[in-house]
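**Student:** coords below, sequence missing:
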């Protein structure tokens with residue numbers, strides 16, 4: 001793979017990890033399609049920064065919880081740029097509603113926005129990824145499907161959706177491996193948030209969480225983005241079907 005321009009897709013890119021991933025992956029000459037559900041102002045700020053870096057940028061607003069939204073997003077990318085080289089499915093959220101209190105609507109929304117959206121995007125993008133000289137898919141998972149302990153938060157609905165996303169990623173990795181396309185999941189642990197963004201944890205539970213992390217701190221969004229950058233690179237060409245945890249040793 002040469003240092004040629006790439007077409008990169010990042011969902012949930014208006015803020016937080018998705019914004020950091022977009023800025024970290026972008027090189028002058030790249031084409032980016034960045035997405036958010038509703039934060040159009042934040043998305044446009046990231047788009048302008050990317051344009052200042054010498055990238056061509058298109059933006060899209062979709063609620064990925066809606067059936068078919070993942071396919072429509074991929075179709076829009078291909079209409080704008082003609083292909084896909086790197087696809088990052090970052091859009092998602094955390095829901096701590098416990099079993100017995102979580103509603104059917106919460107369950108359906110989580111699986112729509114996280115699991116079904118990635119399923120749809122995967123199916124719709126396969127031909128474009130196969131045609132790419134450096135196809136890469138990175139899905140952003142979570143620690144929720146992997147950490148079950150009494151002194152750590154539990155996310156029944158969204159953890160189940162992230163587990164489904166992981167299964168889809170492994171199936172896609174197996175199917176696309178003969179074409180040289182890699183598919184991996186990055187599973188962040190406790191990660192610092194931008195001020196003013198949604199917080200699934202209270203300040204008290206954030207402080208308590210430091211005690212269950214062997215490194216004794218929350219990770220940064222840049223640390224997550226750095227792993228995504230590696231997986232999107234030439235050097236990661238033999239890494240596929242993996243769930244890579246960025247969590248300070250949390251088990």
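**Tutor:** It's in. Because the structure is a prediction, the values reported are computed rather than measured.

**Student:** residue ranges of the strands in this structure, please?
**Tutor:** 7-10, 31-36, 56-61, 86-89, 136-140, 182-188, 243-246 (DSSP state E).

**Student:** let me see the ranges of the helices in this protein.
**Tutor:** 16-25, 40-52, 69-81, 104-110, 117-131, 156-176, 203-209, 221-231 (DSSP state H).

**Student:** give me the contact list for the first one.
**Tutor:** Helix 16-25 is contacted from outside by 8, 10-13, 32, 34, 36, 42, 46, 49-50, 53, 86, 88, 90-91, 140, 188, 191, 193-194, 197, 221-222, 224-226, 228-229, 232, using CB atoms under 8 Å, 6 or more residues apart in numbering. The way it works is simple: take the backbone N, C-alpha and C, and place the C-beta from them, glycine included.

**Student:** what's the ChimeraX syntax to select whichever of those are buried?
**Tutor:** Provided next is the ChimeraX selection string for whichever of the contacts of helix 16-25 are buried by 16 or more other CB atoms under 10 Å:
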select :8,10,11,12,13,32,34,36,42,46,50,86,88,90,91,140,188,191,193,221,224,225,226,228,229,232
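
**Student:** tell me the centre residue of the chain?
**Tutor:** The centroid of the chain falls nearest to residue 90 when counting by CA atoms, centre = their mean (1.9 Å).

**Student:** so it touches residue 13, yeah?
**Tutor:** Yes: using CB atoms under 8 Å, residue 90 is in contact with residue 13, at 6.9 Å.

**Student:** bridged to the nearest residue to residue 146 once chain neighbours are set aside, which residues?
**Tutor:** What sits nearest to residue 146 in space, not counting adjacent residues and going by CB to CB, 6 or more residues apart in numbering, is residue 187, at 6.8 Å. Taking DSSP bridges as the rule, residue 187 bridges to residue 245.

**Student:** relative to residue 108, how far out is residue 54?
**Tutor:** The gap separating residue 54 from residue 108 is 41 Å, by CB to CB, to the nearest Å.

**Student:** please disregard the earlier target; I meant residue 186.
**Tutor:** Applying CB to CB to residue 186 and residue 108 gives a distance of 25 Å.

**Student:** okay, those two: which has more neighbours?
**Tutor:** Neighbour totals were compared for residue 186 and residue 108, and residue 186 leads with 25 against 14 (other CB atoms under 10 Å).

**Student:** my read: the more buried one touches residue 137, true?
**Tutor:** No: with contact defined as CB under 8 Å, residue 186 does not reach residue 137; the gap is 11.2 Å.

**Student:** tell me, what's touching the two both at once?
**Tutor:** With CB under 8 Å, 6+ apart, residue 186 and residue 137 have no common neighbours.

**Student:** pick the most deeply packed of the helices of the chain.
**Tutor:** Each of these was scored by mean neighbour count; the highest is helix 16-25, a mean of 24, by mean count of other CB atoms under 10 Å.

**Student:** off-centre distance for that helix?
**Tutor:** Chain-centre distance of helix 16-25: 10 Å, with CA atoms, centre = their mean, to the nearest Å.

**Student:** any low-confidence regions in the protein?
**Tutor:** 1-3, 196-201 (pLDDT under 70).

**Student:** rewinding a little: with distance to residue 246 added, can I get the helices of the chain in a markdown table?
**Tutor:** Compiled in a markdown table, these are given as follows (distance: least, CB to CB, whole Å):
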| stretch | distance to residue 246 |
| --- | --- |
| helix 16-25 | 10 |
| helix 40-52 | 21 |
| helix 69-81 | 24 |
| helix 104-110 | 21 |
| helix 117-131 | 19 |
| helix 156-176 | 14 |
| helix 203-209 | 15 |
| helix 221-231 | 5 |
